[in-house]
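Participant: build me a structure from this.
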Amino acid sequence: MDPMLACPLLYMSQRVHFIAIGGSAMHNLAIALHQQGFDVTGSDDEIFEPSRSRLERLNLLPDKLGWDPLKIGSDTSAVILGMHARVDNPELKRAQELGIPVFSYPSYFHERTKDKTRVVIGGSHGKTTITSMIVHVLRHAGVEFDYLVGAQLDGFDCMVKLSEKSRVAIIEGDEYLASALQPVPKFHLYKPDIALISGIAWDHINVFKTFESYVEQFRLFIDAIEPGGKLVYCREDLQVRTLSEAKEVQAQRIPYGVPKHRIENGTTTLETVHGDVPLKVFGQHNLQNLEGARHVCHLLGIGDAEFYKAISSFHGAAKRLEPLGGNGKRIVFKDFAHSPSKLKATVQAVREQFPERQLVACMELHTYSSLSENFLDQYAGCMDAADRAIVFYDPHAVQLKRLPAIPPERIQRAFGRPDVQVMNDPIAVMGAVRKDRKEESVLLMMSSGNFGGVDLQALSEAFIA
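Facilitator: Modelled structure (predicted):
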């Protein structure tokens with residue numbers, strides 16, 4: 001047995017220490033345990049917003065940045081290790097010396113939910129939205145459930161919840177590595193009773209050097225489904241279909257695709273046996289996401305009529321085609337899209353929803369993968385559906401990731417359209433998106449970063465004005 005998993009379930013009032021507490025999931029888990037009555041402490045060498053303010057509000061923010069092994073003592077019941085911390089971290093070493101159980105946050109979440117029905121949503125794209133849809137519907141239905149979601153949702157003050165009363169856990173299953181002591185994809189550790197795979201497109205090339213090694217992680221995810229479990233999968237994705245329909249898969253297989261719908265005057269409406277269901281979200285991928293969420297909710301006892309009633313009020317996860325402003329003729333969206341598959345799907349969704357409007361699409365190369373020259377060609381054709389395409393990168397981000405600079409002409413060649421504008425000045429981006437804009441137009445700003453510090457709300461107002 002893995003020594004990290006060998007300790008009994010932790011009980012409230014025990015002291016739990018977080019190494020690298022500032023991470024997105026880590027700080028949410030810390031808040032969730034604090035709300036349950038645990039004595040929570042933590043440390044980190046850098047903590048950014050919104051983690052900083054949220055931790056400070058609950059008196060969970062470390063007094064100072066850095067690592068201090070004296071924070072780990074005999075009264076520490078468990079340590080939760082973030083991916084940001086290295087194997088030589090002094091606090092980790094101290095915990096190991098004292099024999100204190102050390103968890104990655106996925107292994108800890110599994111430990112706390114191992115007697116519940118675990119639903120794990122995996123995929124290179126769409127997993128945050130699908131998880132959010134399921135959470136939205138279950139809440140609407142009054143179901144008590146645990147959850148772990150990667151994006152902020154309206155009406156939720158914390159994106160992790162653990163309860164002694166719930167019998168179901170809804171988990172967004174990230175394929176990135178869990179921790180320095182558990183260098184395996186997070187979604188391998190949850191052991192789902194119900195698994196969903198939305199799509200597979202190569203990502204995280206700093207860890208998975210080949211497409212084949214990346215795909216293999218999803219095969220292992222399917223293998224991790226508990227005996228008698230269910231696999232919900234998008235049949236319209238070739239890689240997903242190939243893995244899910246392999247003869248060795250033991251789970252019950254439930255395929256899904258794009259449901260019947262129509263688009264009128266900028267609104268997408270589902271055509272169902274229960275009548276028309278107008279939606280607040282749009283795009284082929286969102287419709288696929290919705291259908292996958294419907295199947296999962298059905299497995300959890302939510303009927304279709306109740307599902308459609310709830311999903312009609314779902315307006316998306318944070319930073320997923322999130323409207324920043326509009327005046328009837330011009331509208332601005334921001335989106336988290338950054339990988340090739342997400343980028344292409346997002347641009348295409350806006351194109352289909354507003355076919356008559358000029359579409360200005362601006363994306364930032366920000367991740368390690370996107371700034372790596374040997375990955376750039378994966379972006380070929382991703383912005384072809386836009387009338388104007390702008391690609392921004394921050395030279396400082398390239399330096400921080402210790403990558404060689406990429407000439408603008410190389411980026412332009414990778415995207416496969418000669419008119420794409422490549423920029424590294426955030427001020428110039430504000431002017432470029434407004435240039436030659438038409439009276440009826442849509443601006444789509446896509447990044448997992450912040451466009452070099454550009455005020456997107458101000459940019460939106462300038463584009464609309």
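
Participant: buried ones in the lowest-mean-pLDDT helix or strand in the chain, by neighbour count?
Facilitator: Least confident helix or strand, the chain: helix 395-400 with a mean of 80, by mean pLDDT, DSSP states H and E. Judged by neighbour count using 16 or more other CB atoms under 10 Å, the buried positions of helix 395-400 are Ala397, Val398. Quick note: C-beta positions are derived from backbone N, CA and C, even for glycine.

Participant: what is the very next helix or strand once past it packed up against?
Facilitator: The helix or strand immediately downstream of helix 395-400 is helix 408-415, counting by DSSP states H and E. Taking 3 or more CB pairs under 8 Å, 6 or more residues apart in numbering; DSSP states H and E as contact, the helices and strands that helix 408-415 lies on are strand 388-393, strand 421-423.

Participant: just those: most buried one?
Facilitator: strand 388-393 (a mean of 23; mean count of other CB atoms under 10 Å).

Participant: what residues go with each domain of this structure?
Facilitator: What automatic domain parsing lists as the domains of the chain is 3-105, 115-311, 322-464.

Participant: so how far is the first residue of stretch 49-65 from its last?
Facilitator: Start-to-end span of stretch 49-65 (CA to CA, to the nearest Å) is 14 Å.

Participant: got a list of contacts for it?
Facilitator: 21-24, 27, 30-31, 34, 40-47 (CB atoms under 8 Å, 6 or more residues apart in numbering).

Participant: among these, which ones are buried?
Facilitator: Buried, going by 16+ other CB under 10 Å: 21-23, 27, 30-31, 34, 40-44, 47, out of those.

Participant: so which of the residues you listed belong to helices?
Facilitator: His27, Ala30, Ile31, His34 (DSSP state H).

Participant: and the gap between the spatially closest residue to Phe187 that is not a sequence neighbour and Asn59?
Facilitator: Excluding the flanking residues, the one nearest Phe187 by CB to CB, 6 or more residues apart in numbering is Gly173, at 3.1 Å. As judged by CB to CB, to the nearest Å, Gly173 and Asn59 stand 31 Å apart.

Participant: higher neighbour count, these two?
Facilitator: Neighbours were counted for Gly173 and for Asn59 using other CB atoms under 10 Å; Gly173 has more, 27 against 8.

Participant: contact partners for the more buried one?
Facilitator: By CB under 8 Å, 6+ apart, the contact list for Gly173 reads Val120, Ile121, Gly122, Lys127, Lys186, Phe187, Tyr190, Pro192, Ala195, Phe221.

Participant: next up, phi/psi of it, please.
Facilitator: Dihedral pair for Gly173: phi -100, psi 100, per degrees, to the nearest 10.

Participant: next up, the contacts around the closest residue to Lys127 other than its chain neighbours.
Facilitator: Spatially, and ignoring its direct neighbours in sequence, Lys127 is nearest to Ile121 (4.6 Å; CB to CB, 6+ apart). Applying CB under 8 Å, 6+ apart to Ile121 gives the contacts Lys127, Ile130, Thr131, Ile134, Ile170, Ile171, Glu172, Gly173, Leu196, Ser198, Val296.
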